[in-house]
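K.L.:
build me a model:
(2 chains)
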2 protein chains.
Amino acid sequence: MTDITMIDAAAARLKGHARRTPMLSSPFLDDLAGRRVLVKAECLQHTGSFKFRGAWNAVSALEPAGVIAFSSGNHAQGVALAARIKGISAVIIMPSDAPAIKIANTRDLGAEVVLYDRATEDRDALGARLAAERGLTLIKPFDMPEVIAGQGTCGLEIAEQAADEGVHEADVLVCCGGGGLTSGIALALEARAPGLRVRPAEPEGFDDVARSLASGTVQRNASLSGSICDAIITPQPGDLTWPILRRLCGPGAVVSEEQALKAMALAHDRLKLVLEPGGAVALAAALFLPQTGDAVIAVATGGNVDRAMMVRALGQ
Amino acid sequence: MTDITMIDAAAARLKGHARRTPMLSSPFLDDLAGRRVLVKAECLQHTGSFKFRGAWNAVSALEPAGVIAFSSGNHAQGVALAARIKGISAVIIMPSDAPAIKIANTRDLGAEVVLYDRATEDRDALGARLAAERGLTLIKPFDMPEVIAGQGTCGLEIAEQAADEGVHEADVLVCCGGGGLTSGIALALEARAPGLRVRPAEPEGFDDVARSLASGTVQRNASLSGSICDAIITPQPGDLTWPILRRLCGPGAVVSEEQALKAMALAHDRLKLVLEPGGAVALAAALFLPQTGDAVIAVATGGNVDRAMMVRALGQ
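P.N.:
This is a model prediction of the structure:
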């Protein structure tokens, strides 16, 4: 099980390799939200999302001869870059409807990309088969202790940066798919900033974590495609992440696609950050849903967006 | 005259108030340029450009009862926010063709905005008259020792961040208007990283600094309007900045508007940064003009861009 000791060990492995991303703010967003809004800019991490943290920690801790991963794109890029820096091979299994830029970027980072149909094929079975055939180590996108620990390093930084800003009591909204980043941050904050409470943020119609937290039992999404927030669409909370989410996180925050697009436009205007829809749902929740307290923290988890989608957001 | 002692004093004043902006990079940009490309992300500074540095230093050092400034927008926002934090009044004289977002933002930051016609009115005379009438201290956009020293703090950070990246010999391309940031960075690097050489970057048709450096005498721009790079269009190098530019900087780098727009699109795709055209000319020079050495540093000076201009850039 991932714990704070594993997260501290991950932080040591990431030092000098992952970026310490900035905590940004804007008086305009503060005015809009009616409270201080602090934005952890993980879109500025290597490969444009937090995923490099977990990938680098897993590859560094396990020292595999080669790796395989399945991902809608951000985990893929994180694993591909980590493998490239380590000088090992990487096979990435991606859904055929992933944004073109994510597929292209993963290939350009030196990985072999294998496409599958998200609606009809079982990516876990495909990944297991390829891993066995080629002797590769599977780096799971969230349900893996080393990955959760790597993502948890983001929480260590949030604890320090919030304290630097004088914020000791606040909700921390985190864009949530399978829950690797959310649970990792929650473990880090439990140990280092217990006044900060983690709330998973999701898009409407794909709110498995919010419904799971509300009911106390694991809930599944009815569909796995059709959302512009593709980066954070997963079937259900993970076997390893769910107990952490249930113990430490909630309630969930659910925003519309329109709200996610508006948050993208405001991040463009006010923070000078490029966010993808799935990376903007936490900021959308901070800005557009009822919140409490003097301050709210939103983790902007990724910025790998097609130009056409950004143009759409800027038209809001 | 501004010197390294004044820049160090400015850094002490800015500590805890201005952001230490990150130095970013992307393997995709490295591949495109054929060398390492390090990008100093000053668009992430408060108010979306480096201008807050000089404004905060001037307001902190001079302790005025109220301030007045003239600016196409970025200096305006920097002065307005610095005055708001200090609790003093601010009058900002802006050209009537400045981007709407810059005028609106300056007003929203609590300043009184006075518009003038860039082609027919003398902003210096207007500023001097209003300053005298109302007892305000003029905070010049570049030709003022305290402002140059404040902008120079960006150079102190570049010296440290380049060393952290193992870069000790490189050209530093800086988007250049009147030369406040460029000369401030050059003074800081002369003292702290003498292997880093500053090269001003400008748009075609408004390359007064490049022509001044090439000829050894101050050259003027033929026109002061009609560029999408409005943030860095000034009549000629400043009286205080020119001797520093001549001694320490050059040769100038001149890019087309199309290259600036392409750099904006690449900053969007690869760095997850929003840049305005005038804030992207240094990156454009780093990516699209012949360069030498293993690494090049580009200062991304501002991100206050209208949505329509970003949409235009993303269509490139």
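K.L.:
and residue A:196, bridged to which residues?
P.N.:
Beta bridges link residue A:196 to residue A:170, judged by DSSP bridges.
K.L.:
neighbours of it, how many?
P.N.:
24 (other Cβ atoms under 10 Å in any protein chain shown). All C-beta atoms are positioned from the backbone trio N, CA, C, and that covers glycine.
K.L.:
now do the domain split for chain A, please.
P.N.:
A:4-50+A:145-314, A:51-138 (automatic domain parsing).
K.L.:
quick check, residue A:98 in contact with residue A:74.
P.N.:
No - at 9.7 Å, residue A:98 does not count as touching residue A:74 under the criterion of Cβ atoms under 8 Å.
K.L.:
more crowded one of these two?
P.N.:
When neighbours are counted by other Cβ under 10 Å, residue A:74 comes out ahead of the other of residue A:98 and residue A:74, with 32 against 21.
K.L.:
pretty sure that one sits against residue A:233.
P.N.:
No - contact status for residue A:74 versus residue A:233: not in contact, 11.9 Å apart, counting by Cβ under 8 Å.
K.L.:
report pLDDT for the residue of the stretch 151-300 of chain A found nearest chain B.
P.N.:
With Cβ to the nearest Cβ as the measure, residue A:272 is the residue of the stretch 151-300 of chain A nearest to chain B, at 3.5 Å. The score at residue A:272 is 98. That number is its pLDDT.
K.L.:
how many residues are close by it?
P.N.:
29.
K.L.:
also the one 10 residues further on?
P.N.:
Neighbourhood size, residue A:282 [other Cβ under 10 Å]: 33.
K.L.:
helix, strand, or coil at it?
P.N.:
helix (DSSP: H, G, I helix; E, B strand; the rest coil).
K.L.:
that one contacts residue A:175, doesn't it?
P.N.:
Yes - the pair residue A:282 and residue A:175 passes the contact test of Cβ under 8 Å, sitting 4.7 Å apart.
K.L.:
tell me which residues touch the closest residue to residue A:161 other than its chain neighbours, please.
P.N.:
Once flanking residues are discounted, residue A:161 sits nearest to residue A:23: 4.0 Å by Cβ to Cβ, 6 or more residues apart in numbering or on different chains. Applying Cβ atoms under 8 Å, 6 or more residues apart in numbering or on different chains to residue A:23 gives the contacts A:38, A:39, A:40, A:41, A:157, A:158, A:161, A:162, A:164, A:165, A:297.
K.L.:
which parts of the stretch 51-200 of chain A sit against chain B?
P.N.:
If contacts are counted using Cβ under 8 Å from any Cβ of the partner chain, the residues of the stretch 51-200 of chain A sitting beside chain B are A:81, A:101, A:105, A:108, A:109.
K.L.:
no, scratch that, I was asking about the stretch 201-316 of chain A
P.N.:
Taking Cβ under 8 Å from any Cβ as the test, the list of the stretch 201-316 of chain A residues beside chain B reads A:265, A:268-269, A:271-275, A:303, A:307, A:310-311, A:314-315.
K.L.:
count of neighbours near residue A:240?
P.N.:
Neighbour count of residue A:240, defined by other Cβ under 10 Å: 20.
K.L.:
same question for residue A:135.
P.N.:
Using other Cβ under 10 Å, residue A:135 has 10 neighbouring residues.
K.L.:
ok, it touching residue A:67?
P.N.:
No - checked against Cβ under 8 Å, the pair residue A:135 and residue A:67 is beyond contact range at 10.8 Å.
K.L.:
tally of neighbours for the closest residue to residue A:36 other than its chain neighbours?
P.N.:
Computed as Cβ to Cβ, 6+ apart, the closest residue to residue A:36 that is not its neighbour in sequence is residue A:295, at 4.0 Å. Counted with other Cβ under 10 Å, the burial measure for residue A:295 works out to 22 neighbours.
K.L.:
report the contact partners of residue A:295.
P.N.:
By Cβ under 8 Å, 6+ apart, the contact set of residue A:295 is A:35, A:36, A:37, A:38, A:165, A:167, A:169, A:170.
K.L.:
ok, residue A:139 touching residue A:70?
P.N.:
No - contact status for residue A:139 versus residue A:70: not in contact, 9.2 Å apart, counting by Cβ under 8 Å.
K.L.:
contact partners for the residue of the stretch 151-300 of chain A closest to chain B?
P.N.:
The contact partners of residue A:272, by Cβ under 8 Å, 6+ apart, come to B:43, B:44, B:48, B:273, B:274, B:275, B:303.
K.L.:
10 Å - rerun?
P.N.:
For residue A:272, the contacting residues are A:24, A:26, A:41, B:41-45, B:48-49, B:267, B:272-276, B:279, B:300, B:302-305, taking Cβ atoms under 10 Å, 6 or more residues apart in numbering or on different chains as the criterion.
K.L.:
residue A:6 too?
P.N.:
Contacts were defined as Cβ under 10 Å, 6+ apart; by that measure residue A:6 touches A:57, A:61, A:145, A:146, A:148, A:149, A:150, A:152, A:184, A:187.
K.L.:
now the strands for the stretch 201-316 of chain A?
P.N.:
In order along the chain, the stretch 201-316 of chain A carries the following strands (DSSP state E, counting those that start in this stretch): A:253-255, A:295-300.
K.L.:
pull out the buried residues from the worst-scoring helix or strand of chain A on mean pLDDT.
P.N.:
Comparing helices and strands within chain A by mean pLDDT, DSSP states H and E singles out helix A:100-108 as the least confident, with a mean of 86. The neighbour-count criterion (16 or more other Cβ atoms under 10 Å in any protein chain shown) identifies A:101, A:102, A:103, A:105, A:106 as the buried residues of helix A:100-108.
K.L.:
show me how to select, in PyMOL, the buried members of the contacts of residue A:295.
P.N.:
Applied in PyMOL, the following selects the buried portion of the contacts of residue A:295 according to 16+ other Cβ under 10 Å:
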select buried, chain A and resi 35+36+37+38+167+170
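K.L.:
out of the contacts of residue A:295, which two sit at the greatest distance?
P.N.:
Maximum pairwise distance in these, criterion Cβ to Cβ, is 15.0 Å, between A:37 and A:169.
K.L.:
check contacts around whatever residue of the stretch 1-150 of chain A ends up closest to chain B.
P.N.:
Going by Cβ to the nearest Cβ, chain B is nearest to residue A:43 of the stretch 1-150 of chain A, at 4.4 Å. With contact taken as Cβ under 10 Å, 6+ apart, residue A:43 is in contact with A:21, A:49-50, A:267, A:271, A:273-276, A:279-280, A:299-305, B:271-273.
K.L.:
recalculate using a threshold of 6 Å.
P.N.:
Taking Cβ atoms under 6 Å, 6 or more residues apart in numbering or on different chains, we find residue A:43 in contact with A:273, A:275, A:279, A:300, A:302, A:303, B:272.
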